[in-house]
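Chemist: give me the fold of what follows.
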Amino acid sequence: MNSTMKNELKDIQKELLKNGISRREAIKLLAASGLLMTASNTAQAQTLNASSLSAKIVIVGGGLAGIATAARLKSLASSLDITIIEPNLKSATYQPGNTFVGAGLYQKSDVLYNTVDFLPKDITFIHDKVIDFYPENNQVVTSQKEVIGYDFLVICAGMVLDFEKIKGLEELQEMYTVDESSKINDFFKDTMVSTVYNVNSAEQTWKNMQTVIEEAIIKQYEERQMLWHLNHNLIELNLKDKIATFDKSWQEKGEYDEDLEE
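Modeler: Residues are numbered from 1 along each chain as shown. Predicted coordinates:
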């Protein structure tokens, strides 16, 4: 083990001892969860008695990453005290499926699920949003002013859609939850502009596509009606055999290109 690693582990040990967790227990826990596989104690961690671990872990974010992390840690050590903090009650989503929603192949319910249906057993779920981090005190603060302490903090908050950085979309500002992203549809109302990056706008994408298809059908019908009336009028005026109509011959020769452009 190099000197840098030794110094880092010493610092970790000092902090952990404040919370009653020995360095050895901490390394075993981290190694078992795949977070410190380079430490020399990794081999010892394989013989860890999971029931002997006791640590409070706070996970910020209850999407697929946060839920999967909680489930993995619980499976390794059932005695761990795990809390997930998440503001969105439908944070478990299959985002790649949004493209299928936009194409009309999936419904919104096919890609958007209730968070509580996927939470591991014996964990604490807090329906709130973390707004402040105080790592020096091992604490986070939620929007409801609740102060939550921890031994270990895992941040799985996902990405914030920062539309302010895109010219012309500054009004949308930042978006995190599905409810916040509904502002996209309001902003682009009646413009036929949409995105499949979130499920609400993906639904609007399909609606926009339906509108385009309907308008194309109407336009095609009107053009056919116009051609039909032209043919009928030519027959009535005895001009049917005297005027070149639309066939491949005039297209190939290009004899009427200028007239058509006019």
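
Chemist: dump the residue contacts of the spatially closest residue to Val111 that is not a sequence neighbour.
Modeler: With Cβ to Cβ, 6 or more residues apart in numbering as the criterion, Val111 has its nearest non-adjacent residue at 3.7 Å, and that residue is Gly97. In short, each C-beta sits where N, CA and C put it, glycine included. Contacts for Gly97 were tallied using Cβ atoms under 8 Å, 6 or more residues apart in numbering; they are Tyr106, Asp110, Val111.

Chemist: is Glu146 in contact with Lys129, as I believe?
Modeler: No. Using Cβ atoms under 8 Å, Glu146 makes no contact with Lys129, being 10.6 Å away.

Chemist: which stretches of the stretch 1-150 of the chain form strands?
Modeler: Applying DSSP state E, counting those that start in this stretch to the stretch 1-150 of the chain gives strands spanning 56-60, 81-85, 92-93, 112-113, 124-126, 130-134, 139-142, 147-149.

Chemist: quick check: buried residues in the fifth one?
Modeler: It refers to strand 124-126. Phe125, Ile126 (16 or more other Cβ atoms under 10 Å).

Chemist: quickly, which of the strands of the stretch 1-150 of the chain bottoms out on average pLDDT?
Modeler: Mean pLDDT is lowest for strand 92-93 among the strands of the stretch 1-150 of the chain, at a mean of 84.

Chemist: could you report the separation of the nearest residue to Gln107 once chain neighbours are set aside from Ile184?
Modeler: Ranked by Cβ to Cβ, 6+ apart and with sequence neighbours excluded, the top spatial neighbour of Gln107 is Val101, at 7.1 Å. For Val101, the distance to Ile184 (Cβ to Cβ, to the nearest Å) stands at 14 Å.

Chemist: repeat that for Asp128.
Modeler: Applying Cβ to Cβ to Asp128 and Ile184 gives a distance of 24 Å.

Chemist: give me the pLDDT for Gly158.
Modeler: pLDDT at Gly158 comes out at 83.

Chemist: hmm, it is touching Ile67, no?
Modeler: No. The pair Gly158 and Ile67 does not pass the contact test of Cβ under 8 Å, sitting 11.9 Å apart.

Chemist: among the strands of the stretch 1-150 of the chain, which is nearest Glu203?
Modeler: In terms of Cβ to Cβ, the element of the strands of the stretch 1-150 of the chain nearest to Glu203 is strand 112-113, at 10.3 Å.

Chemist: contacts for the closest one, please.
Modeler: By Cβ under 8 Å, 6+ apart, strand 112-113 touches Lys90, Ala92, Thr93, Tyr94, Val178, Val199.

Chemist: the last one contacts Val111, doesn't it?
Modeler: Which is Val199. Yes. Applying Cβ under 8 Å, one finds Val199 in contact with Val111, separated by 5.9 Å.

Chemist: overlap in contacts of the two?
Modeler: With Cβ under 8 Å, 6+ apart, Val199 and Val111 have common neighbours Thr93, Asn98, Val101.

Chemist: which secondary element of this structure has the worst mean pLDDT?
Modeler: One helix or strand of the chain scores below all others by mean pLDDT, DSSP states H and E: helix 42-45, with a mean of 40.

Chemist: how about Leu153, what does it touch?
Modeler: Leu153 neighbours (Cβ under 8 Å, 6+ apart): Ile57, Val58, Val60, Phe133, Pro135, Asn138, Val140.

Chemist: now with 10 Å?
Modeler: Lys56, Ile57, Val58, Ile59, Val60, Val130, Phe133, Pro135, Asn138, Gln139, Val140 (Cβ atoms under 10 Å, 6 or more residues apart in numbering).

Chemist: could you do Val111 as well?
Modeler: Counting by Cβ under 10 Å, 6+ apart, Val111 has contacts Ala92, Thr93, Tyr94, Gln95, Pro96, Gly97, Asn98, Thr99, Phe100, Val101, Val199, Ala202.

Chemist: go with 7 Å
Modeler: Val111 makes contacts with Thr93, Tyr94, Gly97, Asn98, Val101, Val199, as judged by Cβ atoms under 7 Å, 6 or more residues apart in numbering.
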